[in-house]
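Enquirer: One predicted model, sequence on top.
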Amino acid sequence: MKKVLIVIFLTIFSFYYTNKTIDIIRETDPIMKEIKKSNNKYYKKAMNAKVVNNTIIPGINGKKIDYKKSYRKMKKYGNYNEVLTVFKETKPNISINNIYDKYITVGNNEKKSVSLVFKIENNTDIENIKNINNILVNKNIKSTIFIDGLFLENNLDLVNSFKLSELEILNYDNSYKEIYFSSSINYLNNITGKTAKYCYADYDNKELIELCSRLKLHTILPTIKVGNYPYKEIKNKLQNASIISIPTNSSTEIELSTVIDYIKSRGYTFLTLDELLSESYDK
């Protein structure tokens with residue numbers, strides 16, 4: 001038994017010593033030294049999400065060089081090559097991914113992007129929706145559409161035509177009874193193959209945010225809530241990472257193309273909510 005323990009000890013020690021030797025060799029390699037020299041050039045500190053009263057603004061992950069992966073790639077190449085640098089993200093201490101009982105009113109203002117949001121209630125005019133969707137598709141614009149659960153059940157073919165849009169559940173026949181709301185979410189998940197992530201609120205709605213928090217869904221409260229004059233209202237309020245709620249009505253049909261062109265002219269890109277609110281460094 002004693003001999004067995006000695007063998008085990010020597011094996012562990014040998015393994016430890018070998019690894020330490022490899023670490024020393026790697027750390028003194030000129031390639032590794034060059035990799036570490038360039039860290040300050042790429043380093044980006046993670047930014048915490050900002051919580052203010054009942055609202056939260058997403059943070060952004062940090063970025064730094066993955067020394068070991070970068071070293072392995074460059075070692076195969078035979079020399080230091082900046083193009084082969086591998087990066088990894090670092091998580092903020094405070095993240096929207098752990099907080100669901102606050103309203104998200106805007107994305108992180110470092111993003112020169114916006115998200116267009118549309119609501120489809122059970123009594124929404126289908127022709128308006130079709131025409132608005134055609135504009136989005138023709139202009140290749142991503143958006144997020146919140147759909148009433150009952151409307152979804154009764155208009156599946158129409159919903160399947162929203163090719164560029166991220167889909168979420170708005171409510172169920174204008175109510176938030178958990179059994180119907182959850183059922184609609186599951187139904188939508190089965191149709192899209194994606195997990196629902198967001199709820200929509202026009203105002204501080206305790207019933208809604210408590211329900212969505214229980215279901216691990218983030219609740220958005222739009223940055224800009226458009227009325228009957230989309231172009232004028234958006235022009236006056238546009239800012240980085242805006243969540244822009246636009247009605248599905250005839251005014252939107254008339255002005256949506258102009259709105260899109262104006263937002264583009266200001267240098268903004270269009271993202272889905274999931275992309276806009278992501279804390280990933282690359283999104």
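Expert: Perfect, I can see it now. Numbering: from 1, shown residues only.
Enquirer: Show me what the longest strand along the chain is packed up against.
Expert: When the chain is parsed with DSSP state E, its longest strand is strand 113-120. Applying 3 or more C-beta pairs under 8 Å, 6 or more residues apart in numbering; DSSP states H and E, we find strand 113-120 packed against helix 126-138, strand 143-147, strand 242-246, strand 269-270, helix 273-277. Yep, even glycine has a C-beta here, placed from its N, CA and C like the rest.
Enquirer: hey, where'd the strands end up in the chain?
Expert: Using DSSP E, strands in the chain cover 50-52, 55-57, 62-65, 87-90, 103-104, 113-120, 143-147, 165-169, 198-200, 218-220, 224-225, 242-246, 269-270.
Enquirer: Of all these, which one comes closest to residue 35?
Expert: strand 62-65 (6.3 Å; C-beta to C-beta).
Enquirer: Setting aside sequence neighbours, what's the nearest residue to residue 129?
Expert: Leaving out its chain neighbours, the residue that sits closest to residue 129 by C-beta to C-beta, 6 or more residues apart in numbering is residue 248, at 5.5 Å.
Enquirer: if I look at that neighbour, how far off is residue 205?
Expert: To residue 205, residue 248 is 20 Å away according to C-beta to C-beta, to the nearest Å.
Enquirer: Ok, residue 83 next?
Expert: Distance, residue 83 to residue 205, by C-beta to C-beta: 50 Å.
Enquirer: Who has more neighbours out of these two?
Expert: Shown here are residue 83 and residue 205; by other C-beta atoms under 10 Å, residue 205 has more neighbours (17 against 7).
Enquirer: For that one, give its distance to residue 100.
Expert: With C-beta to C-beta as the criterion, residue 205 and residue 100 are 14 Å apart.
Enquirer: Number of residues surrounding residue 244?
Expert: Neighbours of residue 244 (other C-beta under 10 Å): 23.
Enquirer: check contacts around it.
Expert: 114, 115, 116, 117, 222, 223, 224, 226, 234 (C-beta atoms under 8 Å, 6 or more residues apart in numbering).
Enquirer: hmm, try it at 6 Å
Expert: By C-beta atoms under 6 Å, 6 or more residues apart in numbering, the contact list for residue 244 reads 114, 116, 224.
Enquirer: what bits of the stretch 151-283 of the chain have low per-residue confidence?
Expert: Applying pLDDT under 70 to the stretch 151-283 of the chain picks out residues 282-283.
Enquirer: try it again with 80
Expert: In the predicted model, the stretch 151-283 of the chain carries pLDDT under 80 at residues 281-283.
Enquirer: number of nearby residues for the closest residue to residue 182 other than its chain neighbours?
Expert: Nearest residue to residue 182 in three dimensions, chain neighbours excluded: residue 215, at 6.7 Å (C-beta to C-beta, 6+ apart). For residue 215, the neighbour count with other C-beta under 10 Å is 14.
Enquirer: Residue 261 now?
Expert: The number of residues packed near residue 261 is 11, by other C-beta under 10 Å.
Enquirer: distance of it from residue 179?
Expert: Counting by C-beta to C-beta, the gap from residue 261 to residue 179 is 44 Å.
Enquirer: follow-up on the earlier one: hmm, the residue nearest to residue 129 is touching residue 128, no?
Expert: Yes: if you go by C-beta atoms under 6 Å, residue 248 and residue 128 touch, sitting 5.1 Å apart.
Enquirer: quick one on the thing from earlier: ok, the longest strand of the chain: who's next to it in the sheet?
Expert: strand 143-147 (parallel), strand 242-246 (parallel), strand 269-270 (parallel) (DSSP bridges).
Enquirer: Residues touching that strand, excluding its own?
Expert: Contact with strand 113-120 is made by 143-147, 151, 170, 242-246, 248, 268-269, 271, 273, 276, as judged by C-beta under 6 Å, 6+ apart.
Enquirer: Pull out the buried members of these.
Expert: Buried residues within the contacts of strand 113-120, counting neighbours by 16 or more other C-beta atoms under 10 Å: 143-147, 151, 170, 242-246, 248, 268, 271, 273, 276.
Enquirer: which residues in this protein form helices?
Expert: Taking DSSP state H as the test, the helices found in the chain are 2-28, 30-37, 39-42, 67-77, 126-138, 149-154, 156-159, 178-192, 206-214, 230-237, 250-265, 273-277.
Enquirer: Pick the most buried one from those helices.
Expert: Of all the helices of the chain, helix 273-277 carries the top mean neighbour count, a mean of 22, counting by mean count of other C-beta atoms under 10 Å.
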